[in-house]
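> here are the coordinates; sequence isn't available:
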């Protein structure tokens, strides 16, 4: 029996968000350094970008998706450079700076950084298009309700993963002193830097 579009979207959004990559590392590191709220906001930036790409695929915006894919090299190059910047910044970050409470600027920065990073992978829209075609969504321009429910589900499923991840990591936050956080910054920053260099090489 086929699931309703909303449930299909939730399952898809959760599955896309769950693999731990550079954004997952950013979420974990920011949760440990700045608290659960900033960690969740970090993840929601990625969830919003996933939903945006899902909308492009679900509503059959072929010209826009083709434009994104045809310009994927410079877009991914930008993403790689941005990852390198975030990685280096994380490596040199001082643990005591995390003691400050979240501000509106830090929230917008946390959201915006992962939103932009997720958008730098235009091939995501092709993945959505393939899955949606298999589900029979996006082929019929009149089926706007199903497409909307599917896109909403993608956001909900992705957001659910980030909620669970930031919540689980926050349980261990009190166990990390300055020394431990310094090592978290160095290790996570180095891995993010490697992701960035790999993205630049792939784009070139």
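Nice, thanks for sending it over. Predicted model only: the values in this text are computed from it and were never measured.

> contact partners for the spatially most central residue of the chain?
Residue closest to the average C-alpha location in the chain (CA atoms, centre = their mean): residue 46, at 2.7 Å. Contacts for residue 46 (CB atoms under 8 Å, 6 or more residues apart in numbering) come out as 17, 23, 114, 115, 117, 118, 158, 162. C-beta: built from backbone N, CA, C; applies to glycine.

> same deal with residue 33?
Residue 33 touches 93, 95, 98, 181, 184, 185, counting by CB under 8 Å, 6+ apart.

> I'd like the next helix or strand past the helix or strand hosting it.
Here residue 33, judged by DSSP states H and E, is contained in helix 22-34. Sequence order places helix 36-58 as the next helix or strand after helix 22-34, per DSSP H and E.

> make JSON lines out of the contacts of residue 33 and add neighbour count and distance to residue 128.
Below are the contacts of residue 33 laid out as JSON lines (neighbours: other CB atoms under 10 Å; distance: CB to CB, whole Å):
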{"residue": "93", "neighbour count": "19", "distance to residue 128": "34"}
{"residue": "95", "neighbour count": "18", "distance to residue 128": "39"}
{"residue": "98", "neighbour count": "19", "distance to residue 128": "35"}
{"residue": "181", "neighbour count": "20", "distance to residue 128": "36"}
{"residue": "184", "neighbour count": "19", "distance to residue 128": "33"}
{"residue": "185", "neighbour count": "21", "distance to residue 128": "34"}
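
> strands - which of the residues you listed land there?
Using DSSP state E, the subset of the contacts of residue 33 located in strands is empty.

> can you lay out those as JSON lines showing pLDDT and distance to residue 197?
JSON lines is the format used below for the contacts of residue 33 (pLDDT from 0 to 100; distance: CB to CB, whole Å):
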{"residue": "93", "pLDDT": "82", "distance to residue 197": "19"}
{"residue": "95", "pLDDT": "71", "distance to residue 197": "25"}
{"residue": "98", "pLDDT": "46", "distance to residue 197": "26"}
{"residue": "181", "pLDDT": "84", "distance to residue 197": "24"}
{"residue": "184", "pLDDT": "85", "distance to residue 197": "20"}
{"residue": "185", "pLDDT": "87", "distance to residue 197": "18"}
